[in-house]
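In: Whatever this is, show me its structure:
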Amino acid sequence: NTLLKICENTDVTLSCPSGTVIEMQTARFGRTQLDPTCGNNRDILQWLTNCPATTESSDKIRDICSGKSSCSFRVDTPTLGDPCPLFPKYFEIQYTCSSIQDVAPAVAVYLCEGTRVRATCPPGQKIIIGISQFGRWMSNPACGFDPNWLSTIGCVPSMDSFYRLSNFCNDKSSCIFDVNPAILGDPCVGYPKFIFLWYFCL
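Out: Numbers count the residues shown, from 1 in each chain. Alright, predicted model coming up:
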């Protein structure tokens with residue numbers, strides 16, 4: 001995890017190594033501590049510490065940075081809102097770099113449960129999910145298959161995963177999601193599953 005405290009009116013760039021993307025943990029803009037490095041000097045007017053961040057700042061930074069390999073923004077009130085006007089503020093941000101599997105359009109792939117996936121279309125085009133099947137209907141040793149679980153080969157996916165992923169990704173230029181039951185539904189609880197995915201750009 002990377003934890004940063006950044007003073008107001010500062011330009012910031014966050015970045016992750018190749019093959020990983022930014023995953024936001026916390027993002028707060030305000031003042032909850034006395035900190036002389038961010039304008040909180042002996043001036044009593046700057047001693048305000050009851051200035052908790054609003055959800056506006058975290059939502060904006062998630063929109064700017066989440067799921068990207070790098071992002072840039074300015075720590076200021078036009079970008080993050082102003083929870084306590086006239087008082088100096090700082091921005092606290094914590095993020096991790098998560099591995100991600102890029103999937104190209106018009107290429108059918110099998111992806112194991114627990115994989116983070118990024119689907120992307122060229123500029124001006126949008127994602128259309130063509131196939132999304134989540135379950136286990138054949139032996140796949142790359143996705144936790146155990147001979148004792150032969151019965152789960154009959155874990156045929158329902159249309160639930162298709163509808164869910166379509167609602168989540170369709171008409172976006174880029175879509176990041178986790179292959180897990182919380183996103184795709186669970187046709188066989190307690191058993192390892194995989195997704196068969198195919199999408200195109202239009």
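In: all contacts plus neighbour counts: C-alpha atoms, from now on.
Out: Noted.
In: Show me what Thr120 bridges to in the sheet.
Out: According to DSSP bridges, the residues that bridge with Thr120 are Ser174.
In: ugh, typo on my part, it should be Leu14
Out: Cys71.
In: residues in contact with the helix or strand of the chain with the lowest mean pLDDT?
Out: Using mean pLDDT, DSSP states H and E, helix 55-65 stands out as the lowest-scoring helix or strand of the chain, at a mean of 86. For helix 55-65, the external contacting residues (CA atoms under 8 Å, 6 or more residues apart in numbering) are 14, 22, 24, 26-29, 71-73, 79-81.
In: Sort out for me which of those residues are in strands.
Out: Mapping the contacts of helix 55-65 onto strands (DSSP state E) picks out Leu14, Ile22, Met24, Thr26, Ala27, Arg28, Phe29, Cys71, Ser72, Phe73.
In: Write a ChimeraX command that selects only the buried members of those.
Out: Command for ChimeraX that selects the buried part of the ones in strands among the contacts of helix 55-65, burial taken from 16 or more other CA atoms under 10 Å:
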select :22,24,27,28,29,71
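In: quick one: which of the ones in strands among the contacts of helix 55-65 is nearest Arg118?
Out: Ile22 (12.5 Å; CA to CA).
In: I'd guessed that closest one sits against Tyr95; true?
Out: Yes. Counting by CA atoms under 8 Å, Ile22 touches Tyr95, with 6.6 Å between them.
In: circling back to that earlier point, check the contacts of helix 55-65 and tell me the two furthest apart.
Out: Most distant of the contacts of helix 55-65, by CA to CA, are Ile22 and Gly81, 22.1 Å apart.
In: for the chain, what spans make up the strands?
Out: According to DSSP E, the strands that the chain contains are 2-7, 10-15, 20-30, 70-75, 90-99, 101-103, 109-112, 116-120, 127-135, 174-178, 194-201.
In: Direction included, what does the third one pair against?
Out: Sheet pairing here is set by DSSP bridges, and for strand 20-30 it gives strand 90-99 (antiparallel).
In: Mean confidence (pLDDT) on the strand it pairs with, please.
Out: Averaged across strand 90-99, pLDDT comes to 91.
In: next one: stretch 180-199
Out: Rounded mean pLDDT across stretch 180-199 is 90.
In: Centre of the chain to it, how far?
Out: Put simply, stretch 180-199 sits 18 Å off its chain's centre (CA atoms, centre = their mean, to the nearest Å).
In: Could you list the low-confidence segments of this protein?
Out: Applying pLDDT under 70 to the chain flags the ranges 35-37, 39-48, 139-142, 144-154.
In: Of all the residues in stretch 82-92, which ones are buried?
Out: Asp82, Pro83, Cys84, Phe87, Pro88, Lys89, Tyr90, Phe91, Glu92.
In: from what I can see the second one touches Gly30, true?
Out: Yes. The pair formed by Pro83 and Gly30 meets the contact definition of CA under 8 Å, at 6.3 Å.
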